[in-house]
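**Q** mind looking at a prediction? Sequence and model below.
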Amino acid sequence: MNVDNNQMENLKQIKHELTRFMMIYRFALEEMETKIEILKQEFQILHDYSPIEHTKSRIKSPESIMSKMLRKNSELSLAAVKSSIKDIAGLRITCSFISDIYSVSEMLQKQDDLKVLEVKDYIKNPKPNGYQSLHLLVEVPVFLSDCTELVCVEVQIRTIAMDFWASLEHKIFYKYSQSVPEHLTRELKQAADKAADLDLQMERLHREIQEIKDAQEDDSFEELRRIILNNQQLHLPADFIKLLGN
């Protein structure tokens, strides 16, 4: 097949536009990963604890994007892709406890340069198959040499137990083209319920341990305030004790 100069230029232009399109989503994902890493290190340094266990990111391949556009019967253009597919760039954040999920979500939503487009809470309202996770669609500014692009990134926040169930459920049903047998869906739903119960149990244990720790710190603080001189007990000001702690 002969390709004339105009066709060659058109192909080069399409390749350039596609490369730039995918590059912008990769940059947006890297910005989100940096934000999460900063939060993780801040909590680890200041509180000796981080609500974030680990993160995982992915970008849909051009082939996957085009397949989704065809299923939607949408126009095959980059502008149409950007407006209709919101999960091209995805970031999954795994937390220790359910309360950590909402803490991380709140911290992200408070960041001035992020615009929250949508929140879907599949923890308070699980999917029929048992899937649980908190989904955020956020708009991330990507500052390029000649412009600023606003890019949509899907953020999924879940516990270790939620992630364990969702990952294995996906492997079991990945590319399964037939109707799933009822007993399998029933057993997977039961497994999801068990994972949810485990999350609630671990959340309760975490809360009780934190209450014990807080009580011990209060006792230590009060003990430090009391000084006995010549059989006379003195109480130091609380502000002074805080100053010593710093």
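**A** That came through fine.
**Q** and the longest strand along the chain, which residues are buried?
**A** Of all the segments of type strand in the chain, defined by DSSP state E, the longest one is strand 148-159. For strand 148-159, a neighbour-count test (16 or more other CB atoms under 10 Å) marks 149, 151-159 as buried. (C-beta placed from N, C-alpha, C; glycine too.)
**Q** cool, and stretch 87-103?
**A** Of the residues in stretch 87-103, those buried (16+ other CB under 10 Å) are 88-98, 100-103.
**Q** and the least confident of the residues you listed?
**A** pLDDT across these is lowest for residue 96, at 91.
**Q** measure that residue to residue 49 for me?
**A** Applying CB to CB, to the nearest Å, the value for residue 96 to residue 49 is 9 Å.
**Q** just to revisit the earlier point, what is the nearest of the buried residues of strand 148-159 to residue 107?
**A** If you rank these by distance to residue 107 using CB to CB, residue 157 comes first, at 10.7 Å.
**Q** quick one: low-confidence ranges for this structure?
**A** Within the chain, the set of residues satisfying pLDDT under 70 comprises 1-11, 174-178, 217-246.
**Q** now do the helices in it.
**A** The residue ranges that make up the helices of the chain, judged by DSSP state H, are 5-47, 62-71, 78-84, 98-109, 160-173, 182-225, 238-245.
**Q** can you redo the ones you listed as JSON lines with distance to residue 138?
**A** As requested, the helices of the chain are exported to JSON lines (distance: least, CB to CB, whole Å):
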{"stretch": "helix 5-47", "distance to residue 138": "8"}
{"stretch": "helix 62-71", "distance to residue 138": "19"}
{"stretch": "helix 78-84", "distance to residue 138": "15"}
{"stretch": "helix 98-109", "distance to residue 138": "7"}
{"stretch": "helix 160-173", "distance to residue 138": "20"}
{"stretch": "helix 182-225", "distance to residue 138": "24"}
{"stretch": "helix 238-245", "distance to residue 138": "37"}
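**Q** give me the domain ranges for this protein.
**A** With automatic domain parsing serving as the domain definition, the record reports that the chain contains domains spanning 5-205, 217-245.
**Q** what's the most buried one of the ones you listed?
**A** For those, average neighbour numbers computed from mean count of other CB atoms under 10 Å are highest in domain 5-205, which has a mean of 15.
**Q** residue 72 contacts residue 81, doesn't it?
**A** No. In terms of CB atoms under 8 Å, residue 72 does not count as a neighbour of residue 81; the distance is 10.1 Å.
**Q** which residues touch residue 52?
**A** With contact set as CB atoms under 8 Å, 6 or more residues apart in numbering, residue 52 has these partners: 36, 39-40, 43, 93-95, 100, 104.
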